[in-house]
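Engineer: Quick one: sequence and predicted model below, then my questions.
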Amino acid sequence: MKPATLVARRSFLRTALGVLAAPFVALPRRAAFAANATLTVPFADPSIIVTKSKRRLQLFSQGNLVRTYRVGLGLSPVEDKIRAGDRRTPEGEFYICMKNSHSQFYLSLGLSYPNQKHAERGLRDGLITRGQYNQIVNALARKRVPPQNTRLGGELFIHGSGSASDWTWGCVALDNKDIQELFNAVRVGTAVTIQH
């Protein structure tokens, strides 16, 4: 091959690859920077969205996405939680109702399960009494821990000990380094949405 032809081909390839590669090179740099950036805590108006079908937890500060974490779910991860022992991760609107720095799963953030929709369904289906329903609703109105010992189940957390598979009894599990960061970034009362 003639030197002029070789130079022309190299120049063409560099230009073509540069045009094609530029968008792909720029995005990972931004994503990598965001993923490695140190979080300044405490957050202003933090919130959490868990998307079960994507095994993803997103952390927001004042509506801006600041982190995305991989999660593991309950052993029966597809449907919404209905009762104690069904091993399902609940769906709906919750809040962090407690923080446990001595959890058997490294660190844990308690979820305000059952929420009002779960309590209404449980009352309708005969899983809880009217008195239990009223206790749940009253606790939620005061942003407290709702009763955890009804037939609806309870003691559901966002916690550590690994996100590689769906292994919990209905909790949301993160890798320990991720729950450490999340634990430090949020406070009791932080809004949590769990969606399919």
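Structural biologist: Sure, I can see it.
Engineer: OK, contacts around the nearest residue to residue 129 once chain neighbours are set aside?
Structural biologist: Closest residue to residue 129 apart from its sequence neighbours, by CB to CB, 6 or more residues apart in numbering: residue 123 at 7.8 Å. Using the backbone N, CA and C atoms, a C-beta is placed for each residue, glycine as well. Shown in contact with residue 123 (CB atoms under 8 Å, 6 or more residues apart in numbering): 129, 130, 132, 133.
Engineer: Could you do residue 94 as well?
Structural biologist: For residue 94, counting by CB under 8 Å, 6+ apart, the contacting residues are 111, 112, 113, 115, 191, 192, 193, 194.
Engineer: so it is in which element?
Structural biologist: Here residue 94 sits within strand 92-100, counting by DSSP states H and E.
Engineer: Parallel or antiparallel, list what pairs with that strand.
Structural biologist: Strand pairing for strand 92-100, using DSSP bridges, gives strand 108-111 (antiparallel), strand 191-195 (antiparallel).
Engineer: ok, then the element right after the helix or strand of the chain with the lowest mean pLDDT?
Structural biologist: Of all helical and strand segments in the chain, the minimum by mean pLDDT, DSSP states H and E falls on helix 3-36, at a mean of 40. As assigned by DSSP H and E, the chain's next helix or strand after helix 3-36 is strand 46-51.
Engineer: low pLDDT regions in this protein?
Structural biologist: Applying pLDDT under 70 to the chain flags the ranges 1-36.
Engineer: Tell me how this protein divides into domains.
Structural biologist: Structural domains annotated on the chain: 1-37, 46-195, as defined by automatic domain parsing.
Engineer: so of the ones you listed, which one's packed in deepest?
Structural biologist: Counting by mean count of other CB atoms under 10 Å, domain 46-195 has the highest mean neighbour count of those, with a mean of 18.
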